[in-house]
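In: here is a sequence together with a model predicted from it:
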Amino acid sequence: QVQLVESGGGLVQAGASLRLSCTASGRTDASYTIGWFRQAPGKEREFVATISWTGGQTDYADAVKGRFTVSRSSAKTTVYLQMNSLKPEDTAMYYCAADHAAAWAVNTRAESYDYWGQGTQVTVSS
């Protein structure tokens, strides 16, 4: 079992930055991929970013490429999502998820993830 806790959300104006954190506890000795997803009211959950256990492989949704950066702490138990140049359309609940996988694996498919956090709200005003 892996427990995930997100933090760092808030209300900001368009163009501002936020850094979300996802801290893992529990069975963190085995390698796991982390994914970030978001869900806006009335919309389906969508993939945002993913990072491998090693931190060397990442992938991003087209909507956030060049603006968001995912990274992993050296201890590997905390994953960050740096969000720059935020837009109103980035407003959503942001979730991190964990999938026990090979050390170099990334995964964009929500259905592949076994563990999910409670989410942190990001609201971007125009």
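Out: Happy to help now that I have it.

In: can you list phi and psi of the residue minimising distance to the centre of the chain for me?
Out: Centroid-nearest residue in the chain: Trp36, 2.5 Å away (criterion: C-alpha atoms, centre = their mean). Backbone geometry at Trp36, expressed as degrees, to the nearest 10, gives phi -110, psi 130.

In: can you give me the strands in the protein?
Out: Per DSSP state E, the chain carries strands over the ranges 2-7, 10-13, 18-26, 32-39, 46-51, 58-60, 68-72, 78-83, 92-100, 115-116, 120-125.

In: and the angle from the first one to strand 78-83?
Out: When you say that, I think you mean strand 2-7. Between strand 2-7 and strand 78-83, the angle comes out at 40 degrees (axes from the mean of the first three to the mean of the last three C-alpha atoms, to 10 degrees).

In: pull out the buried residues from strand 2-7.
Out: 2, 4, 6 (16 or more other C-beta atoms under 10 Å). In this view, the C-beta of every residue, glycine as well, is placed from N, C-alpha and C.

In: re earlier: ok, which of the strands of the chain comes nearest Thr108?
Out: strand 46-51 (4.7 Å; C-beta to C-beta).

In: near Thr54, how many other residues are there?
Out: Using other C-beta atoms under 10 Å, Thr54 has 13 neighbouring residues.

In: what's the neighbour count on the spatially closest residue to the residue nearest to the centre of the chain that is not a sequence neighbour?
Out: Nearest residue to Trp36, sequence neighbours excluded (C-beta to C-beta, 6 or more residues apart in numbering): Val48, at 4.2 Å. Each residue near Val48 was counted by other C-beta under 10 Å, and the total is 25.

In: pretty sure Val48 contacts Asp59?
Out: No: counting by C-beta atoms under 8 Å, Val48 sits too far from Asp59 to count as a contact (9.9 Å).

In: follow-up on the earlier one: in JSON lines: the strands of the chain, plus mean pLDDT.
Out: Converted to JSON lines, the strands of the chain look like this (pLDDT from 0 to 100):
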{"stretch": "strand 2-7", "mean pLDDT": "96"}
{"stretch": "strand 10-13", "mean pLDDT": "98"}
{"stretch": "strand 18-26", "mean pLDDT": "96"}
{"stretch": "strand 32-39", "mean pLDDT": "97"}
{"stretch": "strand 46-51", "mean pLDDT": "98"}
{"stretch": "strand 58-60", "mean pLDDT": "98"}
{"stretch": "strand 68-72", "mean pLDDT": "98"}
{"stretch": "strand 78-83", "mean pLDDT": "98"}
{"stretch": "strand 92-100", "mean pLDDT": "97"}
{"stretch": "strand 115-116", "mean pLDDT": "97"}
{"stretch": "strand 120-125", "mean pLDDT": "98"}
